[in-house]
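S.K.: coordinates only, no sequence provided:
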């Protein structure tokens, strides 16, 4: 099983992700009535036991986090993880509910609403670009410290993982978060096939 991507496949995936991220940013800007950006996506393949370290290297280890995880299945299946710090989530609740002191339920609802738009738009648009479809499962939200984001059970079925990561940033509202799209062995192979089919369609 060859799980390494060649340069053309990585370039194509990055381009598809740029389109997907652009669509998600526009949807979130409409929800929040604000201007936001997402960073250029980073794509890397690693061993599953490296995932926690990869995530921890990109976040503030002293913060608490709202972590939303959402599985999706299809020819290209996997999991979206969206992290938003306690401070950013509170700012999101303030902004969406127009209150200085949002309740815990309001913050949870705001994070879930943001996640639903974010993950469904990014993954749906990505799979649309690849000419396939996915089915989403209900997202799961929990509040945790920076070292407990990845459970051993989350990655027990994974050997290799492809991580597509980006950062969401609504600077004026002080709302930002990290998005990770994970997929594992068989799905990585499927993703390679879908990308090759799309490249063949484009370039013949």
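M.R.: Nice, thanks for sending it over. This one's a predicted model, so the numbers in the text were calculated from it and none came from an experiment.
S.K.: in the lowest-mean-pLDDT helix or strand in the chain, which residues are buried?
M.R.: Among the helices and strands of the chain, helix 152-155 carries the lowest confidence by mean pLDDT, DSSP states H and E, at a mean of 72. Buried residues in helix 152-155, counting neighbours by 16 or more other Cβ atoms under 10 Å, are found at 154-155. From N, CA and C alone the C-beta is placed, and that goes for glycine too.
S.K.: got it, and stretch 42-61?
M.R.: Neighbour-count burial for stretch 42-61, counted by 16+ other Cβ under 10 Å, picks out 43, 48, 51-52, 54-55, 59.
S.K.: among those, which are in strands?
M.R.: Of those, the ones assigned to strands by DSSP state E are residue 43.
S.K.: closest one of the buried residues of stretch 42-61 to residue 85?
M.R.: Nearest to residue 85 out of the buried residues of stretch 42-61 is residue 59 (Cβ to Cβ; 7.7 Å).
S.K.: quick check on the closest one: phi, psi?
M.R.: Per-residue torsions, residue 59: phi -130, psi 170 (degrees, to the nearest 10).
S.K.: residues touching it, list them.
M.R.: By Cβ atoms under 8 Å, 6 or more residues apart in numbering, residue 59 lies in contact with 65, 83, 85, 146, 178.
S.K.: over to residue 65?
M.R.: Counting by Cβ under 8 Å, 6+ apart, residue 65 makes contact with 59, 83-86, 143-146, 149.
S.K.: do residue 196 as well
M.R.: residue 9.
S.K.: which strand or helix spans it?
M.R.: Using DSSP states H and E, residue 196 sits within helix 185-203.
S.K.: mind listing what's buried along that helix?
M.R.: Here helix 185-203 shows 185, 187-188, 190-192, 194-195, 198 as buried, counting by 16+ other Cβ under 10 Å.
S.K.: which strand residues bridge the spatially closest residue to residue 22 that is not a sequence neighbour?
M.R.: Among residues not flanking residue 22 along the chain, residue 38 sits closest, at 8.0 Å (Cβ to Cβ, 6 or more residues apart in numbering). Bridge pairing for residue 38 (DSSP bridges) gives the partners residue 168.
S.K.: what about residue 38, how many residues nearby?
M.R.: 22 (other Cβ atoms under 10 Å).
S.K.: correct me, but residue 8 touches residue 199?
M.R.: Yes - assessed by Cβ atoms under 8 Å, residue 8 is found in contact with residue 199 at 6.4 Å.
S.K.: now residue 63. Its backbone dihedrals?
M.R.: According to degrees, to the nearest 10, residue 63 has phi -90, psi 160.
S.K.: same question for residue 35.
M.R.: The phi/psi pair for residue 35 (degrees, to the nearest 10) is phi -90, psi 130.
S.K.: for it, give me its contacts.
M.R.: Residues near residue 35 by Cβ under 8 Å, 6+ apart: 29, 170, 172.
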